[in-house]
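Colleague: what would the 3D arrangement of this be:
(chains A, B and C)
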Amino acid sequence: ASSVTMYGRMDVGYESAHHDGKSVTQDNGTANTNMSRFGIKGQEDLGNGLAATFKLEGRFNGDTGSYAKDMFDRESTVGLKGNFGSVRFGRATAALENGLGDFVIGERALGFSNYASATRHSNSAFYDYSMGGLTAGANVSTKGGDSGNATEGTGKIGYGLYAKYSANNFGLGAAYQRDGVALTKEWGVAASYTFNPVTLGASYADQKADGTSTHTKTINAFVSGAVTSNDTVYAQYNRVKVTNASAVTAYGLGYNHALSKRTSVYGEVARNKRTSLTGELVSGYDYSVAMRHAF
Amino acid sequence: ASSVTMYGRMDVGYESAHHDGKSVTQDNGTANTNMSRFGIKGQEDLGNGLAATFKLEGRFNGDTGSYAKDMFDRESTVGLKGNFGSVRFGRATAALENGLGDFVIGERALGFSNYASATRHSNSAFYDYSMGGLTAGANVSTKGGDSGNATEGTGKIGYGLYAKYSANNFGLGAAYQRDGVALTKEWGVAASYTFNPVTLGASYADQKADGTSTHTKTINAFVSGAVTSNDTVYAQYNRVKVTNASAVTAYGLGYNHALSKRTSVYGEVARNKRTSLTGELVSGYDYSVAMRHAF
Amino acid sequence: ASSVTMYGRMDVGYESAHHDGKSVTQDNGTANTNMSRFGIKGQEDLGNGLAATFKLEGRFNGDTGSYAKDMFDRESTVGLKGNFGSVRFGRATAALENGLGDFVIGERALGFSNYASATRHSNSAFYDYSMGGLTAGANVSTKGGDSGNATEGTGKIGYGLYAKYSANNFGLGAAYQRDGVALTKEWGVAASYTFNPVTLGASYADQKADGTSTHTKTINAFVSGAVTSNDTVYAQYNRVKVTNASAVTAYGLGYNHALSKRTSVYGEVARNKRTSLTGELVSGYDYSVAMRHAF
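Modeller: This next block holds a predicted model:
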């Protein structure tokens, strides 16, 4: 037993999705971004600037209390950190999330992703290094990475590299990731600039599946502005295009009112269009209101 | 991260049920009332008498350590409280449990329910207000309430209203609840009076299923008396009658010895009779001994 | 709510098993010994040297964050302790693990067991008493013990007895256990001696299934030596022989480097041979490297 910090986030709201002429009402949808979570973390000083670290973080559906994924699905790592950076072993966010994850802004109706690969790798070793505004890292995973023990022996090696820079109102990100179970490769770049109180950002990612010429290209852009010290308005555009196949274009507006640094209420509306190969166009819209509290 | 309180309850015992001529031995039965549980809760002061709150509470089988229900099945809420009362979003106890739940007393062999509707609603907004001895509240739930995301789009709106009063040795409760998945409506009333060291209580609830004339009527009554400052003896009577169908009558005795405010041992015996439409009468008896510890 | 201690262990590593001509790569295998775990425990002083206790401990796969077993699978108990010893109710380690569990030393590639019965009993009452270097105890379980509620009504009574002694560099252990679902009986003995910096140990256990003359005999032996104050090297031999059936012999070497009392890295290599009735001999080898951190 030792000092252990328990922390988490509750995010519960109402979300209504109207797609393809059908109306669907849902609380707390399936998008990863708006999941509630709880975690346990700690570290032990080993001397000489070295420390042992652990982090266990899971997600659940705040509206029903049920698991969204297995136990500590968001992170399950043990490792060391020191002057050399940090090394962790287990399951954690993979390269594309690490490099590009900061360059999206929506949550529920606007809960888009700006890349197509696995968000996390299991059975992996992670190395990260930070210096000034620069953070870079790599991970390599036996068993494919994205699906863990379930695909033991069936996947190839998964791995990734990323770098991101954030200083002087300027942000940059880049990542490359190989998923060994889905057998895809993806690279992506992102940039943002803040001229107070407004931030502009955009990213582009291109995923290719092994043995095909099909690319999944994801474009995302956002603008965010502080209206008051507690209020933020934001807009996001997202387009996912698969070569010779479907395209989904979505965009929308969000508004966040902070009750404190840890608690806020927010609302979002989004519109999306789907184009199939045969030229059909199906439109829809989503909206959501929610309350979020970090503990 | 912030101040988070972890709490819970362990309740493990031996329970023997003899029904319909068969003898069944079980530890920690399936009745909700005797489940072990653990929880995490906290609140953040937002100023002006306003606070953000969260509560996560799950149940498990104390005798095997396994889950009885999914993760935070007993409560999963985030909300605000202030002079206006409290509002919570997520999953929590519904109106009949809030209004009538205090008017039953048994745990294992005597673990009866005094209403027939869902104990909790998911995907719900809850409003509660207390003033003096009076507490009243309402909740409304998308997706039917009782079953959460599993029944998305298939249920109707679920909702409920309750009020209860407790002061001057007098207790009153009333509730109305609509379950949107099971498609039932139920109302109930309850009352209790304490002339020290004895408390008497009773409740009645009537549930009707949509589109039928069938009613499920639940009558419950109890008497509880303090024998010493650490010992309580109690008796309970329970009858559930379905129109033109089965009836179950059960009653029994319980004894609780407190080792402290948080720890106790208790034993219960119950006898029950079941009457089927064809006139058959099947009798049985249950008994249980258990230890309970709150942490 | 009261003082609750949260604790646990992360153990993540790389493990490669080469058996029967096949190569299998895995992180954090299925052996119980190397599972990561977390727990909650506490106690309440009841006066007169009496205390109420509870302990909840579960395991998970550190490399993926997923559950290995249900919730609090390692221990789920509530009980009392005092001058009389301790009594606990629920699920905990059974007699053979209590008596012989200290006399094995490996973790992953060397993660052998020195007995064949269930490691834990559910639905059980446990009594333990310690005096000086001696610890002895017994447990009895309704419903067979090893499988808990899943086998309600199908198992016979399970029970066990154990004693162990540890003092003056000398260790002894003995246990007898009846599993009521698998319907087996097993007895075992173990001994160890430390002449600093080296410890030698060995154990023998014999399990018999009801209604057959088949015995499963497990022999285990180990030697462990401190190379420096932070480094330990160890070797282990293990043989499991079933009468008129297969035999598995395994042995190997391990090395543990402690970064602190709570954190270490370790590596193991093992070789094993399997002999079938028809005389076939299949050989294989395993190796593992891992990091472990207790919190």
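
Colleague: which residues of the stretch 101-250 of chain A fall in strands?
Modeller: For the stretch 101-250 of chain A, applying DSSP state E, counting those that start in this stretch gives strands covering A:120-131, A:134-141, A:158-167, A:170-179, A:184-195, A:198-209, A:215-226, A:231-242, A:247-258.

Colleague: in a markdown table: those, plus distance to chain C, mean neighbour count and mean pLDDT.
Modeller: From N, CA and C alone the C-beta is placed, and that goes for glycine too. Below are the strands of the stretch 101-250 of chain A laid out as a markdown table (distance: least, CB to the nearest CB, whole Å; neighbours: other CB atoms under 10 Å in any protein chain shown; pLDDT from 0 to 100):
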| stretch | distance to chain C | mean neighbour count | mean pLDDT |
| --- | --- | --- | --- |
| strand A:120-131 | 4 | 22 | 94 |
| strand A:134-141 | 9 | 20 | 96 |
| strand A:158-167 | 12 | 20 | 96 |
| strand A:170-179 | 15 | 22 | 97 |
| strand A:184-195 | 20 | 19 | 97 |
| strand A:198-209 | 23 | 19 | 97 |
| strand A:215-226 | 26 | 19 | 97 |
| strand A:231-242 | 28 | 18 | 96 |
| strand A:247-258 | 29 | 18 | 94 |
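
Colleague: so which of the ones you listed is nearest chain B?
Modeller: strand A:247-258 (10.1 Å; CB to the nearest CB).

Colleague: residues near the nearest residue to A:Thr214 once chain neighbours are set aside, how many?
Modeller: Once flanking residues are discounted, A:Thr214 sits nearest to A:Thr243: 4.9 Å by CB to CB, 6 or more residues apart in numbering or on different chains. Per other CB atoms under 10 Å in any protein chain shown, the neighbour tally for A:Thr243 reads 11.

Colleague: torsion angles phi and psi at A:Thr243?
Modeller: Main-chain torsions, A:Thr243, degrees, to the nearest 10: phi -50, psi 130.

Colleague: and it, what does it touch?
Modeller: Taking CB atoms under 8 Å, 6 or more residues apart in numbering or on different chains, we find A:Thr243 in contact with A:213-217.

Colleague: do A:Ala136 as well
Modeller: Contacts of A:Ala136 by CB under 8 Å, 6+ apart are A:128-129, A:161-164.

Colleague: in CSV: the residues you listed, plus distance to C:Gly13.
Modeller: Converted to CSV, those look like this (distance: CB to CB, whole Å):
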residue, distance to C:Gly13
A:Asp128, 20
A:Tyr129, 23
A:Leu161, 23
A:Tyr162, 25
A:Ala163, 28
A:Lys164, 29
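
Colleague: ok, residues contacting stretch A:184-202?
Modeller: Contacts for stretch A:184-202 (CB under 8 Å, 6+ apart): A:96, A:99-100, A:102-103, A:105, A:114-117, A:169-179, A:203-210, A:216, A:218-227.

Colleague: once you drop chain neighbours, what's closest to A:Ala250?
Modeller: Using CB to CB, 6+ apart, the nearest residue to A:Ala250 is A:Asn272, at 3.7 Å.

Colleague: contact partners for the one you found?
Modeller: If you count contacts by CB under 8 Å, 6+ apart, then A:Asn272 has A:19, A:248-251, A:283-286 around it.

Colleague: so it bridges to which residues?
Modeller: A:Ala250, A:Gly284 (DSSP bridges).

Colleague: what's across from the nearest residue to A:Val140 once chain neighbours are set aside in the sheet?
Modeller: With sequence-adjacent residues excluded and distances taken as CB to CB, 6+ apart, A:Val140 is closest to A:Tyr159, at 4.4 Å. Per DSSP bridges, the residues bridged to A:Tyr159 are A:Val140, A:Arg178.
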